[in-house]
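J.: Let's see this in three dimensions:
(chains A and B)
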Amino acid sequence: MIDTLPALKVYPDRCKGRLACMRVCPTHAIRVRKRKVSIKPELCIDCGDCIVACPEGAIQARTDSKESLKKFKFKVAIVSPVLYGQFSRSISPTDIGEGLKAIGFDAVFNLSLETELYTQALKDYMDDYKGPYPVISSICPVIIRLLQVSYPAMVKQIVPLQPARELGGRAAKRYYTKKLGIPERDIGAIYITPCLAKMASIKSPAEGVKSHLDMALSVKDIYNPLLLEITRKKRAAEDEQIVLTEGESRSLLYLKFPVTGSLAKALNAPHHIAVAQLPNIVQVIEDIEKGKIKDIEFLECHACSGGCLGGALTVDDRFVARSKLELITNAVDEDLQRSEELIDKYYVKGDYFIEQPLRPRPINSGGTISIIEQIEKVKVLEGFVNELPGFDCGLCGSPTCERFALDVARREVEPSECVMLNPERIKTLRDRYEIFNLHEE
Amino acid sequence: MNEEALYKKKFPVTGGDFDKAGEVSTQIKAILKTTGIDNDIIRKVAIASFEAEMNVVIHAEEGKIEFILTTSSVIINVADKGPGIKDIDLAMQEGYSTASDDMREMGFGAGMGLPNIKKSADDFEIKSKVGKGTWVRITIHHEQK
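T.: Reported below is the predicted structural model:
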């Protein structure tokens, strides 16, 4: 097993070389050489598309295990609102909170207040912001990494605020340090995550500073033990009504946030667009970069289909989960949801910025070679690309002909790996994949 | 131009082909991204070349975009066969547009094309002959790394 990536564990011995992961990877980070998968860490943006694509389970999320909870004296679950949409309609957020306590957490924090604070901080930020536009949302860590890797000039447009989950971790630690009189290191803030990107953002935050969260358990991993405890408890008390979690602030905005478009809507920005799924996002960002899309103030992006409900580490179908979250929010009268009161009471202007500015993540390891040398390389590369078939078959183990040319230029692979340049290569592949002639015995 | 070109490439552009509109500037951007030139400079080139490309697509029958990289500058030459521009000073005004109603319905022709190019460029030349076509040269300096 190889675990040099913040979000993924790779098991080359399980890999059968089917290339499914290589074909879906949006940043072309995956290579399959000698029928074994490998991932280039500098290109990986933690989206998790490869996990879903692999039929053999050769790529897995690097989530923490429930056992590692033990290292903290006091364990607080910081719950992604996605979790509340995963169970049957008769199971309320309160039931889920109780269930979390039964499986080993000492306290449960939902992100109701932090979502309101984040939204208010973003409104203030937008009011003072002078451009360039659009401002790009920072909730989805995949988008941050995508911009850092592929669109460095736009990194400065990312919202420099800590997302609600980080604010939740910070608030939980502040609160329990004071209440229990124990040092902060004894308090574990454990995020219940719907995706591996948010988990990776804890282990290696984009800002290069420490995350306020200590570890992450995936929705998928805790689902069964949690359901067991909830069912056990519910049998004792037959209450089917939807009730809010105990001590919850009266705002349900957080239950809307896992759906793409909710943040832009909450901001009331007159010109905003909300985009989900990486190919769409890349298209929109390309168009923004060259000025085709303009006069947009705010861009909300989620790498997963439909938003966080489509995360790779969730259990329930995202459409069903969405309808269940809507059911919960609809059950509570709008008048009872007092966001303004909450803001008046808790909002501290300027307290929500990230601690260090986001920076691009340069991937060009060319070093300090001059533009003349660089352009010579480009010419050689273009010459070689023209010799290649251009249909991106992937049999060389690189995702596209262009990437193959780049890999050759970096001497990672021989030009003879291309089946069109070197017909002998087919024989090697047939042996490697144990393909036999049709009429052979 | 007395400076030696490190790299040259010509791209054809077809008037009215909105499916492919913007592809040339995407390709120019992709080449520049491999060179290590400052990202903000690349973005200026992308915006200027995109607007120039759109002008050909919106107004002309056909055109050519030539991309030249020298040790100190990016040069975009655009030449098209088309109606030409009657009054260049007027065309340079923000908001002035001669795009047809059809084009405007598609969201084009806001009259920002030429002013945007000028804003992004360090040096900008334009010549036009009514009934023949328009020629534009955009120069953007880059610092050598």
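
J.: which residues touch the residue positioned nearest the centre of chain B?
T.: Nearest residue to the geometric centre of chain B (Cα atoms, centre = their mean): B:Ala52, 2.4 Å. Contacts for B:Ala52 (Cβ atoms under 8 Å, 6 or more residues apart in numbering or on different chains) come out as B:65, B:76, B:78, B:113, B:117, B:136, B:138. Any C-beta I mention is one placed from the backbone N, CA and C, and that applies to glycine too.

J.: Heading C-terminal from the particular helix or strand that has the fifth one in it, find the next helix or strand.
T.: Spelled out, it's B:Ile117. Using DSSP states H and E, B:Ile117 maps to helix B:113-120. Using DSSP H and E, the next helix or strand after helix B:113-120 towards the C-terminus is strand B:123-129.

J.: mind listing the strands in chain B by residue range?
T.: If DSSP state E is used as the criterion, the strands of chain B fall at B:5-14, B:62-70, B:73-81, B:123-129, B:133-141.

J.: which residue ranges form the helices in the stretch 251-400 of chain A?
T.: A:262-267, A:278-289, A:318-331, A:339-346, A:371-387 (DSSP state H, counting those that start in this stretch).

J.: Just send those back as TSV, with mean neighbour count, distance to A:Val79 and mean pLDDT too.
T.: Below are the helices of the stretch 251-400 of chain A laid out as TSV (neighbours: other Cβ atoms under 10 Å in any protein chain shown; distance: least, Cβ to Cβ, whole Å; pLDDT from 0 to 100):
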stretch	mean neighbour count	distance to A:Val79	mean pLDDT
helix A:262-267	20	17	90
helix A:278-289	18	26	92
helix A:318-331	16	13	89
helix A:339-346	14	18	82
helix A:371-387	15	48	85
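
J.: okay if I get those as JSON lines plus distance to chain B?
T.: JSON lines is the format used below for the helices of the stretch 251-400 of chain A (distance: least, Cβ to the nearest Cβ, whole Å):
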{"stretch": "helix A:262-267", "distance to chain B": "20"}
{"stretch": "helix A:278-289", "distance to chain B": "6"}
{"stretch": "helix A:318-331", "distance to chain B": "31"}
{"stretch": "helix A:339-346", "distance to chain B": "35"}
{"stretch": "helix A:371-387", "distance to chain B": "5"}
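
J.: Check whether B:Lys127 really touches B:Gly133, as I assumed.
T.: No. At 9.4 Å, B:Lys127 and B:Gly133 do not qualify as touching, with contact defined as Cβ atoms under 8 Å.

J.: These two: who's more crowded?
T.: Shown here are B:Lys127 and B:Gly133; by other Cβ atoms under 10 Å in any protein chain shown, B:Gly133 has more neighbours (21 against 13).

J.: which residues does that one contact?
T.: B:60, B:63, B:79-82, B:84.

J.: Put the buried members of these into a PyMOL selection.
T.: Buried members of those, identified by 16 or more other Cβ atoms under 10 Å in any protein chain shown, are gathered into one PyMOL selection as follows:
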select buried, chain B and resi 60+63+79+80+82+84
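
J.: So which of the contacts of B:Gly133 would count as near chain A as well?
T.: Applying Cβ under 8 Å from any Cβ of the partner chain, the subset of the contacts of B:Gly133 adjacent to chain A is empty.

J.: Just put the contacts of B:Gly133 in CSV and tack on distance to A:Arg170 and pLDDT.
T.: Shown next, in CSV, are the contacts of B:Gly133 (distance: Cβ to Cβ, whole Å; pLDDT from 0 to 100):
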residue, distance to A:Arg170, pLDDT
B:Ala60, 57, 89
B:Gly63, 56, 93
B:Ala79, 58, 93
B:Asp80, 57, 91
B:Lys81, 62, 93
B:Gly82, 59, 88
B:Gly84, 62, 87
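
J.: What is the nearest of the contacts of B:Gly133 to A:Ala153?
T.: B:Gly63 (27.2 Å; Cβ to Cβ).

J.: Touching, that closest one and B:Val13? I think so.
T.: Yes. With contact defined as Cβ under 8 Å, B:Gly63 counts as touching B:Val13 (4.6 Å).
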